[in-house]
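# Only the shape, not the letters, is given here:
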């Protein structure tokens, strides 16, 4: 008899169903949030819900395709993917589309592509590769600072767009990955102390004029209740008026009377709270909790450090974006432009996250087990 390694071919159906549930939840909220502007017809390609469904189909196809590919092939490709991501971010600064004071998108065939979304996943892969290759030196300051540089370069390019919210995501995912890799607590504590002391002043000095206005409006929205503070106040009204069961799907007054702006992107959580109430929000939270636990399950079952760190990185940036987006809606944080994963309108974010979950499916499905043969 002999022993050989065989792949488990395991597929996490619960993770798939949770992602589909969040995507469907978001599509319905996008339909309600765009009802006054686009009407009830969803047959036109220009309708936000129709476009979101098309992107969702592409994202799910990417998830299923990547689940079949052994994630280990991403290791040798990690540097190439990382450099391509940096090139995309640099191209945006030169020729990207501009809106709301920032340059974040590339227009391709009438579709906006946001390179910073793909750059998050590429950075996770690069960090996972670097740290898994240096497992024995991961507690040295040299390896820690090098890994920080890997995250800092795309973060700086994104900050230059400027997109402060997304630039912070890179540092948070780095923090999650290096903790999982086993970095020394003393080194991390020192970096956190330095960053905590310098960050408020540095961010305010580096922030562009409109970003400073956002901070001022967040702190004192009542000073410009009909201008910059309008959406902040209307979001608070929307969330507070939803009650237990909400006002009913497509019946939210703040949403349907267009008091709530950017209701399908930054403030889609407010639409959910107003129309579906506390119960609807708890369903949304429940789906995210299930997804995050399934990501932790993948990290726990991964065969190697590379797969484990990819799972932790993906889970970290999804969790952080959920926190930031909801924090903006409940006035815990200033407006950042960070989407609610799988829920907010936006093809780049949707496709990227579904593809990232496909990589996690691959980590789970390409584990090796010992099979006895006689």
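Structure received. Computed from a prediction, not measured in an experiment: that's the story for all the values here. Residues are numbered from 1 along each chain as shown.
# Could you report the neighbour count for the spatially closest residue to residue 88 that is not a sequence neighbour?
Once flanking residues are discounted, residue 88 sits nearest to residue 115: 3.5 Å by CB to CB, 6 or more residues apart in numbering. Glycine gets a C-beta too; all of them are placed from N, C-alpha and C. Around residue 115 sit 27 other residues, with neighbours defined as other CB atoms under 10 Å.
# gap between stretch 180-196 and the chain center?
Distance of stretch 180-196 from the chain centroid (CA atoms, centre = their mean, to the nearest Å) equals 23 Å.
# So for it, mean pLDDT?
For stretch 180-196, mean pLDDT rounds to 87.
# Also stretch 224-233?
Mean pLDDT, stretch 224-233: 78.
# any idea where the strands of this structure begin and end?
2-7, 97-99, 102-108, 111-113, 368-373 (DSSP state E).
# Low-confidence ranges, this structure, go.
Judged against pLDDT under 70, the low-scoring parts of the chain cover residues 1-8, 97-102, 199-214, 369-374.
# what's the closest non-adjacent residue to the residue nearest the centre of it?
Of all residues in the chain, the one closest to the mean position by CA atoms, centre = their mean is residue 318, 4.5 Å from it. Distances taken as CB to CB, 6+ apart place residue 341 nearest to residue 318, at 5.0 Å, with adjacent residues excluded.
# Look at that neighbour and say how many residues are nearby.
Look at residue 341: counted by other CB under 10 Å, it has 26 neighbours.
# just residue 136 next, same as before
Residue 136: 8 neighbours (other CB under 10 Å).
# Kindly report the same for residue 77.
Residue 77 has 14 nearby residues by other CB under 10 Å.
# One more: the one 5 residues further on?
Here the number of neighbours of residue 82 (other CB under 10 Å) works out to 22.
# how close does residue 41 sit to residue 240?
32 Å (CB to CB, to the nearest Å).
# of the two, who's got more company?
residue 240 (12 against 8).
# contacting residues for the more buried one?
Applying CB atoms under 8 Å, 6 or more residues apart in numbering to residue 240 gives no contacts.
# mind checking how far it is from residue 330?
Residue 240 sits 10 Å away from residue 330, going by CB to CB.
# residue boundaries of the helices in the chain?
Using DSSP state H, the helices of the chain run over 13-33, 35-38, 48-68, 74-95, 115-133, 141-159, 164-181, 185-206, 209-219, 230-241, 253-256, 268-301, 305-329, 347-365.
# Go through those and name the closest to residue 262.
Shortest distance between residue 262 and the helices of the chain, using CB to CB, is found for helix 230-241: 6.9 Å.
# So what angle separates the directions of that closest one and helix 305-329?
90 degrees (axes from the mean of the first three to the mean of the last three CA atoms, to 10 degrees).
# Buried residues, helix 230-241. List them.
Residues of helix 230-241 classed as buried: 230-236, 238-239 (neighbour count, 16 or more other CB atoms under 10 Å).
# starting at the chain centroid, how far to that helix?
24 Å.
# And stretch 297-314, by the same measure?
Going by CA atoms, centre = their mean, where stretch 297-314 is centred and where its chain is centred differ by 18 Å.
# Let me see the contact set for the closest residue to residue 58 other than its chain neighbours.
Spatially, and ignoring its direct neighbours in sequence, residue 58 is nearest to residue 351 (5.6 Å; CB to CB, 6+ apart). Residue 351 makes contact with 55, 58-59, 62, according to CB under 8 Å, 6+ apart.
# can you do 6 Å?
By CB atoms under 6 Å, 6 or more residues apart in numbering, the contact set of residue 351 is 55, 58-59.
# Buried ones from the residues you listed, can you make that a ChimeraX selection?
A single ChimeraX command selects the buried members of the contacts of residue 351 (16+ other CB under 10 Å):
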select :55,59
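# CSV please, covering the contacts of residue 351 and showing distance to residue 21.
Listed next are the contacts of residue 351 as CSV, based on distance: CB to CB, whole Å:
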residue, distance to residue 21
55, 16
58, 18
59, 14
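# farthest pair in the buried residues of helix 230-241?
Among the buried residues of helix 230-241, 230 and 239 lie farthest apart (CB to CB), at 15.2 Å.
# Pull the number of nearby residues for residue 275.
If we define neighbours as other CB under 10 Å, then residue 275 has 26 of them.
# Disregarding flanking residues, what is the spatial nearest neighbour of it?
residue 252 (4.2 Å).
# Now that neighbour, what are its backbone angles?
phi -70, psi 130 (degrees, to the nearest 10).
# from what I can see it touches residue 274, true?
Yes: contact criterion CB atoms under 6 Å: residue 252 and residue 274 qualify, at 3.9 Å.
# of these two, who's got more company?
It is residue 274, of residue 252 and residue 274, that has more neighbours when counted by other CB under 10 Å, with 30 against 27.
# which residues sit in contact with the more buried one?
238, 241-242, 252, 254-255 are the contacts of residue 274 under CB under 6 Å, 6+ apart.
# can you rerun that using 10 Å?
By CB atoms under 10 Å, 6 or more residues apart in numbering, the residues touching residue 274 are 32, 234-235, 237-243, 246-248, 251-256, 260, 263, 280.
# quick revisit: now the buried residues of helix 230-241 as CSV including distance to residue 140?
Supplementary listing: these in CSV, determined by distance: CB to CB, whole Å:
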residue, distance to residue 140
230, 51
231, 47
232, 45
233, 50
234, 50
235, 46
236, 47
238, 50
239, 47
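# picking that back up, residue 22 versus the residue nearest to residue 318, what's the distance?
7 Å.
# can you list residues touching both of the two?
Looking at what touches both residue 341 and residue 22 (by CB under 10 Å, 6+ apart), the common residues are 288, 291, 350, 353.
# and the last one, how many neighbours does it have?
A count of nearby residues for residue 353, using other CB under 10 Å, gives 26.
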